[in-house]
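Chemist: Here's a sequence, model it:
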Amino acid sequence: MQDTEAAMENAPDPEQPVQLPEALMLHILSLLPAAQQAYTARRVCKAACARLRHMTTISATSADLPLAALQEMSLHNATSMYKQGHLAAARAACGDLQGLQWLHSSGCAWDVRVCSAAAHSGDLALLQWARQQSPPCAWNKSTCSAAAAGGQLAVLQWVRQQRPPCPWDEECCSSAAKAGHLSLLQWARAQDPPCPWGQWVCTGAAANGHLAVLAWARQAGCKCDDSVCTAAAGAGHLHILQWARCQDPPCPWGAGACIAAAREGHLGVLQWLRGGAAAGGQQGGQPCAWNAWVCTAAAARGHLDVLQWARQQGCPWDDSVTRYAAQTGQLEVLVWARAQEPPAPWSKAACFGAAAEGHLEVLQWLHQQQCPWNKAFCERIARRNGQLHVLHWLQSLDKE
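Modeler: The predicted model follows:
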C-alpha cells in the first residue's frame, strides 16, 4: 500500500507538459518533412531550436510548407504588396493550391507572377483556378514565356485558347529555344498568326548547346547574326560553332567570339576560331578576327594559359591587360605579363583598380615594381569603398 502511494506521489502531474528526452524529441522531428521540421523545431523548445538551427529558416517555396507557417509568413509580409505577391507566386510555383486559396481569401495581393509561376511549373489546374476568380489573377506576356521556358506545351495551348488569349511576344520563342523545347517552339510558330521571333532564338539555342533547335530555326528562316557564334564560343559549344560556320552562307562572326572564348577560358574553342580555313569550313576561309580585348578578357578572369597562347599567336594587348588583372586580383597574370619582352603596358589605372577592389597584395607588388600611381587617388577610392586594410597600408607609407 505504501509503495502504491509513493508511486502516485512521484507520478508526473497530468496537467503539466512532459519534457521528452532530447534524443527522442529530435527523432520525432526527423520524421517530419523538411519544412515542417523547421517550423515545429522553432516552437518545441529552445534545445530543439538550437540543435536544429541549420533548418530553422523556412523557404516560402517549400512544397511541404505547413499552412500555419504560411499564415505566419503572410502576417509578416502584410505591409508590402510586392512581398505578398512574391509569397503567392512562391506557393503557386510549388503547386500549393490550398495555400494559395487561403492567401487569396485572406486578401493577400497577387499579380502576374502567380500565373507565370504556375505556367512554368505546368500546374494547369492551379492556373485555371486563379483565372476563374473575380477578378481573375492577372497575366501577361511573361505567362506564355514562363510556360515556354518550362516546356509546358499543354499550358501554353490552354492560355492561347482563352478569349481573349494570353498575349505573347518574341520572348516566348526565345525562352523555348534557350531551354531546348523544340516541339513547343514548332507549335508556337505553326499558329495563325505565328508567335513572333527574332535573332535571340538562334542566340539562345547556341548559348545552351541546343543544335537541333538552332538548325530547325535557321531552316525555318529565323534571323541569325554574330551573337550566335559569340554565344556558342562563350559557352564552349564547339560543335555549335562548327555547324554554324559550315552553313551556306555561314553564320557571321566577329572579334566578340574570340573575346567570349578567352573570357570563359575555352582555349580549344579560341584555337579553333583562329584556325583559318578549318574554322571557316570553306576553302580559303579566314580566321575569326580578334583584338586587344581578347588578352584583356583572359587576364581579367585569370586564364593565364589562354593569355600565353594568344600572345604567342601575335594577339595585340595594351594597358587594359594589367589594369583589369590588377582590378580582379590576378597577381600571377600580372607577374607574367610584366616579365615579357617587351612587358605588358601599364598605367596608374592598375594601382587604382587594385586599391578600389581591396587587392592589397597586388597593390604592394605594383608599388614595389614602380608602377606609376596617384597615391592620393588610391587612398580616396580605398576609403570610399571601405577597403580599410588598403587605406591603412597606404597611410603607413607616409611614416617610412
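Chemist: so where is the chain shaky, pLDDT-wise?
Modeler: Screening the chain residue by residue with the criterion pLDDT under 70, one finds the ranges 1-83, 276-284, 400.
Chemist: Now for it: which helix has the highest residue count?
Modeler: For the chain, the longest helix by residue count, based on DSSP state H, is helix 81-93.
Chemist: Restrict that helix to CA atoms and write it as PDB.
Modeler: These are the backbone C-alpha positions of helix 81-93, laid out as PDB (Å, rounded to 0.1, in the frame of the first residue of the first chain):
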ATOM      1  CA  MET A  81       2.100  44.500 -51.700                       C
ATOM      2  CA  TYR A  82       5.300  43.200 -53.500                       C
ATOM      3  CA  LYS A  83       6.100  40.700 -50.800                       C
ATOM      4  CA  GLN A  84       2.600  39.500 -50.700                       C
ATOM      5  CA  GLY A  85       2.700  38.900 -54.400                       C
ATOM      6  CA  HIS A  86       6.000  37.100 -54.100                       C
ATOM      7  CA  LEU A  87       4.600  34.800 -51.400                       C
ATOM      8  CA  ALA A  88       1.600  34.000 -53.500                       C
ATOM      9  CA  ALA A  89       3.800  33.300 -56.500                       C
ATOM     10  CA  ALA A  90       6.100  31.000 -54.400                       C
ATOM     11  CA  ARG A  91       3.100  28.900 -53.400                       C
ATOM     12  CA  ALA A  92       1.900  28.800 -57.000                       C
ATOM     13  CA  ALA A  93       5.400  27.600 -58.100                       C
END
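Chemist: Which neighbouring elements make contact with it?
Modeler: Packed against helix 81-93, as judged by 3 or more C-beta pairs under 8 Å, 6 or more residues apart in numbering; DSSP states H and E, are the following elements: helix 67-76, helix 97-105, helix 112-121. C-beta here means a position set from N, CA and C on the backbone, and glycine is covered the same way.
Chemist: Could you list the buried residues of it?
Modeler: Of the residues in helix 81-93, those buried under the neighbour-count criterion (16 or more other C-beta atoms under 10 Å) are 83, 84, 85, 86, 87, 88, 89, 90, 91, 92, 93.
Chemist: any idea of the angle that helix forms with helix 112-121?
Modeler: For helix 81-93 against helix 112-121, the angle between stretch directions is 20 degrees (axes from the mean of the first three to the mean of the last three C-alpha atoms, to 10 degrees).
Chemist: Helix 81-93 vs helix 97-105, what angle?
Modeler: Here helix 81-93 runs at an angle of 160 degrees relative to helix 97-105 (the same axes, to 10 degrees).
Chemist: What helix or strand is residue 203 located in?
Modeler: The secondary structure element spanning residue 203 is helix 199-207 (assigned by DSSP states H and E).
Chemist: Residue 95 now?
Modeler: Under the assignment here (DSSP H and E), residue 95 is part of no helix and no strand.
Chemist: start the count at 28, not 1, going forward
Modeler: In the new numbering, first residue 28, that becomes residue 122.
Chemist: Run a quick neighbour tally on the closest residue to it other than its chain neighbours.
Modeler: The shortest distance from residue 122 to any residue that is not its chain neighbour, by C-beta to C-beta, 6 or more residues apart in numbering, is 4.8 Å, and that residue is residue 150. Here the neighbour count serves as a burial measure; for residue 150 (other C-beta atoms under 10 Å) it reads 22.
Chemist: Pull the distance from the one helix or strand residue 405 maps to to the chain's centre.
Modeler: For residue 405, the host element (DSSP H and E) is helix 402-411. Between the mean C-alpha location of helix 402-411 and the chain-wide mean there is a distance of 32 Å, by C-alpha atoms, centre = their mean, to the nearest Å.
Chemist: what do you get for stretch 228-237?
Modeler: The gap between the average C-alpha position of stretch 228-237 and the chain average comes to 17 Å, counting by C-alpha atoms, centre = their mean.
Chemist: residues in contact with it?
Modeler: By C-beta atoms under 8 Å, 6 or more residues apart in numbering, the list of residues contacting stretch 228-237 from outside reads 197, 200-202, 204-207, 209, 212, 238, 240-241, 244-245, 249-252, 254-256, 258-259, 261-262, 264, 266-267, 271, 278.
Chemist: Could you rerun that using 7 Å?
Modeler: Residues lying outside stretch 228-237 but in contact with it, judged by C-beta atoms under 7 Å, 6 or more residues apart in numbering, are 200-201, 204-205, 207, 240-241, 244-245, 249, 251, 254-255, 258-259, 262, 264, 267.
Chemist: if we can go back for a sec, and the helix holding residue 405, what does it pack against?
Modeler: helix 375-384, helix 415-423 (3 or more C-beta pairs under 7 Å, 6 or more residues apart in numbering; DSSP states H and E).
Chemist: In JSON lines: these, plus distance to residue 228 and mean neighbour count.
Modeler: Putting these into JSON lines (distance: least, C-beta to C-beta, whole Å; neighbours: other C-beta atoms under 10 Å) gives the following:
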{"stretch": "helix 375-384", "distance to residue 228": "37", "mean neighbour count": "24"}
{"stretch": "helix 415-423", "distance to residue 228": "46", "mean neighbour count": "16"}
